[in-house]
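Undergrad: Sequence and predicted model, in that order:
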Amino acid sequence: MHLAPEDRPRADATATCLPNGNHREATIAANQQDDAEARADSRAPVDRRRIPASAGESQWLAADGHPLRRIDWPAPASPRGSILFLPGRGDAYEKYLETLEQWHRAGWHVTAADWRGQAGSGRLGKDAVTGHIDDFGIWVDDLAGLWAAWKAETPGPHVLAGHSMGGHLVLRAMVEHRVDPDAAVLTAPMLGMAGPPLPLRLQHWVAKLMTRIAAPTRPAWKWSEKPGEMPASRQSLLTHDDDRYGEELWWRETRPELVMGPGSWGWVERAYASRRVLDAPGAMEAVTAPVLLVSTSNDKLVSHDAVVRAAERLPRAELLAFGKEARHEILREVDPVRDRTMAAIAEFLDRTAPPQAA
């Protein structure tokens, strides 16, 4: 019978019940049992519709007292290191339970958090579904504070990972020297918007104009004909995997607070402003940590070309590029794409953030 971590006997508790001289042998036996169960766990499918028993949900308070929802998988007895994962715009960590659980099974202490103003971390706009932010710097401040607290309480090496907007903000925090990861993994990072290759200054000017015409908190694009209902074409932008896409819809029905639709015009304008921070001469070139970029030329939401340019600018960047076989949510793609991505991430971290000596 498999025991959940909280039900499993602790090695030190077992050892204290044995005669003197058997403490080390009992500890080794207990660790071997834990390792065997961990190996069995690593082969078991992940239930994407359940918070794993090994994980705990809580809140972290930002410097101004705003609560951010987080989830943690505690470090195993012999930790591989720690990964802090940040999702994309309109995302929630529930969408990535499969990936987070697999990293934990591989020995990592794993933490993920929602961005302020989305999923379980409240709202900043005028309604419950439009994603708004007054400035991306607020999110960078939140990340820097969470990073400092999290790094102090978790085993190294320390890795930052982010998807889409999360990847953008992770990279910006690195550019501004607000975080110091041993390595970073960015999947489909929002380093540019998909669409016509217009000059960034022009795109930013149009967005500024739109924030002045009317309230910057209003939606910047249409969601669907029926408010709150997913557009029929949405999956074609995100993933080829019907089941994984369905898990997101299930979580949104189960936890209505996760529902989010379009970004606001204020979000769009601040996104362009933040991109100009990254595009500034010398910004990416000053990032010293190794960075793995995972992108697809088939992305219809963020610019693959911008990711390729970033790979050329970052001194220690590596790029894993996909084509028509992958859409935007690479970590939630069909198994051949996702398995290749997870293997590449593991290999990258083994080289760039190896386990620390005991």
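TA: The structure has been received and is ready for your questions.

Undergrad: ok, for the residue nearest in space to the middle of the chain, nearest residue in space, not its chain neighbours?
TA: For the chain, the residue nearest the mean C-alpha position is Leu86 (3.0 Å; C-alpha atoms, centre = their mean). Closest residue to Leu86 apart from its sequence neighbours, by C-beta to C-beta, 6 or more residues apart in numbering: Gly166 at 3.6 Å. Using the backbone N, CA and C atoms, a C-beta is placed for each residue, glycine as well.

Undergrad: thought that neighbour was touching Tyr93?
TA: No - look at Gly166 against Tyr93 with C-beta atoms under 8 Å: they stay out of range, at 10.2 Å.

Undergrad: Pull up the overlap in contacts between these two.
TA: Counting by C-beta atoms under 8 Å, 6 or more residues apart in numbering, the shared contacts of Gly166 and Tyr93 are 85, 87.

Undergrad: the more surrounded of those two?
TA: Taking other C-beta atoms under 10 Å, Gly166 and Tyr93 do not tie; Gly166 has more neighbours (28 against 25).

Undergrad: Is the more buried one part of a helix or strand, or is it coil?
TA: Assigned state for Gly166: helix (three-state reduction, DSSP: H, G, I helix; E, B strand; the rest coil).

Undergrad: For the stretch 251-358 of the chain, which segments count as helices?
TA: Applying DSSP state H, counting those that start in this stretch to the stretch 251-358 of the chain gives helices spanning 265-279, 304-313, 335-352.

Undergrad: which secondary structure elements does the last one contact?
TA: Think helix 335-352. Counting by 3 or more C-beta pairs under 8 Å, 6 or more residues apart in numbering; DSSP states H and E, the packing neighbours recorded for helix 335-352 are strand 183-187, strand 291-296, strand 317-322.

Undergrad: mind listing what Thr341 touches?
TA: Contacts of Thr341 by C-beta under 8 Å, 6+ apart are 187, 294, 320, 330-331, 333.

Undergrad: one more time with 7 Å
TA: Contact analysis of Thr341 by C-beta atoms under 7 Å, 6 or more residues apart in numbering lists 294, 320, 330-331.

Undergrad: Columns pLDDT on top of these, output as CSV?
TA: Output for the contacts of Thr341, formatted as CSV (pLDDT from 0 to 100):
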residue, pLDDT
Val294, 98
Leu320, 98
Ile330, 98
Leu331, 98
